[in-house]
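K.L.:
Okay, here's the prediction I keep looking at, along with the sequence it came from:
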Protein chains: 2
Amino acid sequence: MGRPPRHDADKLLDAAVGLVAEGGPRAVTMAAVARAARAPSGSVYHRFPDQPALLAELWLRTVTRFQAGFLAALDSGGPVAGARHVVEWSRRNVPEARVLLAGARAFGEPDWPQEARDRLAAANEEVFAAMRRLGAELGFTRKREMSRFQLAVVDLPYAVVRRNLLRGEEIPAFEADVAADAARDLLG
Amino acid sequence: MGRPPRHDADKLLDAAVGLVAEGGPRAVTMAAVARAARAPSGSVYHRFPDQPALLAELWLRTVTRFQAGFLAALDSGGPVAGARHVVEWSRRNVPEARVLLAGARAFGEPDWPQEARDRLAAANEEVFAAMRRLGAELGFTRKREMSRFQLAVVDLPYAVVRRNLLRGEEIPAFEADVAADAARDLLG
DNA sequence: TCCTTATTGGAGAAGTCTCTCTAAAACTCA
DNA sequence: TGAGTTTTAGAGAGACTTCTCCAATAAGGA
């Protein structure tokens, strides 16, 4: 039923990821996405109603891909495995890690369609809930303890990734151990 | 000698910092800086030859302001005081902390004039040297130990700042303690 | 085969951005 | 006061961007 698509949404988002990796979030213009995907601008606007919608989808696709593996690692291997996964995933998905490094705001989050913002809030809430559940299991009840738990499992591994991405080189394999060891120490 | 300046470089950079804090690095267009400082675009181009030069100066002014206090804290109070300073400075300078949060690349670092890139490299090298010196004093000789030392003093406090800035609220005072405690634990 | 539907491909309007250029203004010093 | 210098103030060129619109195209189903 209808002509088969040549430039589907995923292909366009792949092109956008490449633009972020090379030139930062500023490089993701609708014209640049079309050029990078060898598609006419009309096809881009056929998939995404406007630029905020494309940027929102770029962020959502990336963050949910990351979160899926993170939640699985947390479930099967506990907090230290979660910390390790943050680094491992970034090592294996450097361009997408650069998207996450930039943060949602860099992609104009306030301008996103409400529906996309809701989906993001739901995805984030799922991760928060898993963290709270695991934290409770481990006996972290007070706010201060949960804060440190989150620091060890999410923020610290992320800092390891960041300092590597900022240098522009590959992330060495041993950095996953660095993050895991540090997380273990912080969790006491 | 000559007409007194009404729109000096610092005032324009202040306006640029405000734009970053509100709308991210993307919001720093030459036209927006002029608007925010209530100056005509000609005055902006009188101070800065082009946009990359302005963005470079924005980054350099911010990062050197931060580094000055950081080096002083490191000198007088050691690594834990350094870690604490990262959070304290960000707490007191939220808009400028948002500039640092974005990273040099977000401001088009590759396009900066060579002279500015050299100045940045020199400023960064000064911090690296101080870190190496302090690390050696504390007996961190191996690469792996230095990596963890840097993690504890710079990257981890930065991660604490980041998770607060991303939420968009003020940074609570206790977060400085969180960073200091965590740094102490990591340094063992 | 013809109708329906989905998609392409690109021209072009309207706006924004960077940057240039010049006349006027405002100060200092002789 | 007048010469010299620095800065303002803003018009405008040219490039690039977002987004609209529509004819042409390619498939499936009756």
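P.N.:
All right, it came through fine.

K.L.:
can you list the residues that contact stretch A:156-166?
P.N.:
Applying CB atoms under 8 Å, 6 or more residues apart in numbering or on different chains, the contact partners of stretch A:156-166 are A:83-84, A:86-87, A:90, A:94, A:97-98, A:101, A:170-172, A:175, A:178-179, A:182-183, A:186, B:103-105, B:150-151, B:154-156, B:158-159, B:162, B:182. To be clear about C-beta, it is placed using only N, CA and C from the backbone, and glycine gets the same treatment.

K.L.:
quick check: mean pLDDT across it?
P.N.:
For stretch A:156-166, the mean pLDDT works out to 95.

K.L.:
could you point out the longest helix in chain A?
P.N.:
Assignment by DSSP state H gives helix A:51-92 as the longest helix of chain A.

K.L.:
does DNA strand D sit close to that one?
P.N.:
Yes: applying CB under 7 Å from any atom of the strand, one finds helix A:51-92 touching DNA strand D at A:51-52.

K.L.:
Show me just the buried residues among the contacts of stretch A:156-166.
P.N.:
A:83-84, A:86-87, A:90, A:97-98, A:101, A:171, A:175, A:178-179, A:182-183, A:186, B:103-105, B:150-151, B:154-156, B:158-159, B:162, B:182 (16 or more other CB atoms under 10 Å in any protein chain shown).

K.L.:
Give me the contacts around the lowest-mean-pLDDT helix or strand in chain A.
P.N.:
In chain A, the helix or strand scored least confidently by mean pLDDT, DSSP states H and E is helix A:143-150, which has a mean of 90. Here helix A:143-150 makes contact (CB under 8 Å, 6+ apart) with A:79, A:131-132, A:135, A:138, A:140, A:186-187, B:163, B:174, B:178, B:181-182.

K.L.:
I would like a ChimeraX command selecting only the buried ones among those residues, please.
P.N.:
Buried subset of the contacts of helix A:143-150, written as a ChimeraX selection, criterion 16+ other CB under 10 Å:
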select /A:79,131,135,140,186,187 /B:163,178,181,182
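
K.L.:
Secondary structure element holding the closest residue to A:A37 other than its chain neighbours?
P.N.:
Closest residue to A:A37 apart from its sequence neighbours, by CB to CB, 6 or more residues apart in numbering or on different chains: A:A15 at 4.0 Å. Assigned by DSSP states H and E, A:A15 falls within helix A:9-23.

K.L.:
and A:V154, what is it in contact with?
P.N.:
Applying CB under 8 Å, 6+ apart, the residues contacting A:V154 are A:82-83, A:86, A:131, B:163.

K.L.:
and A:F140, how far is that from B:A102?
P.N.:
The gap separating A:F140 from B:A102 is 32 Å, by CB to CB, to the nearest Å.

K.L.:
nope, A:R47 is what I meant
P.N.:
28 Å.

K.L.:
Looking at those two now, which is surrounded by more residues?
P.N.:
Legend: neighbour count by other CB atoms under 10 Å in any protein chain shown for A:R47 and B:A102, higher for B:A102 (23 against 19).

K.L.:
how near is that one to A:E175?
P.N.:
23 Å.

K.L.:
now swap in A:A15 and tell me
P.N.:
Counting by CB to CB, the gap from A:A15 to A:E175 is 28 Å.

K.L.:
Counting neighbours, what do you get for A:A56?
P.N.:
If we define neighbours as other CB under 10 Å, then A:A56 has 24 of them.

K.L.:
near chain B, which residues of chain A?
P.N.:
A:24-26, A:101-103, A:105-106, A:108, A:144, A:147-148, A:150-151, A:154-156, A:158-160, A:162-163, A:166, A:174, A:178, A:181-182, A:185-186, A:188 (CB under 8 Å from any CB of the partner chain).

K.L.:
let's go with 6 Å and repeat that
P.N.:
A:24, A:26, A:105-106, A:155-156, A:159, A:163, A:182, A:185-186 (CB under 6 Å from any CB of the partner chain).

K.L.:
what's the spacing between the residue sitting nearest the centre point of chain A and DNA strand D?
P.N.:
For chain A, A:V63 is the residue whose C-alpha lies nearest the centre (CA atoms, centre = their mean; 3.4 Å). Between A:V63 and DNA strand D the computed distance is 21 Å (CB to the nearest atom of the strand, to the nearest Å).

K.L.:
mind checking pLDDT for that residue?
P.N.:
98.

K.L.:
what do you get for A:G2?
P.N.:
69.

K.L.:
do the same with A:G135
P.N.:
On the pLDDT scale, A:G135 is placed at 96.

K.L.:
Helix or strand: which one has it?
P.N.:
Residue-wise, A:G135 maps onto helix A:114-137 under DSSP H and E.

K.L.:
Can you list the neighbours in contact with that helix?
P.N.:
If you take CB atoms under 6 Å, 6 or more residues apart in numbering or on different chains as the criterion, helix A:114-137 is touched by A:56, A:60, A:64, A:67, A:71, A:74, A:146, A:149.

K.L.:
8 Å instead?
P.N.:
The contact list for helix A:114-137 (CB under 8 Å, 6+ apart) reads A:53, A:56-57, A:59-60, A:63-64, A:67, A:70-71, A:74-75, A:78-79, A:104, A:109, A:112, A:145-146, A:149-150, A:153-154.
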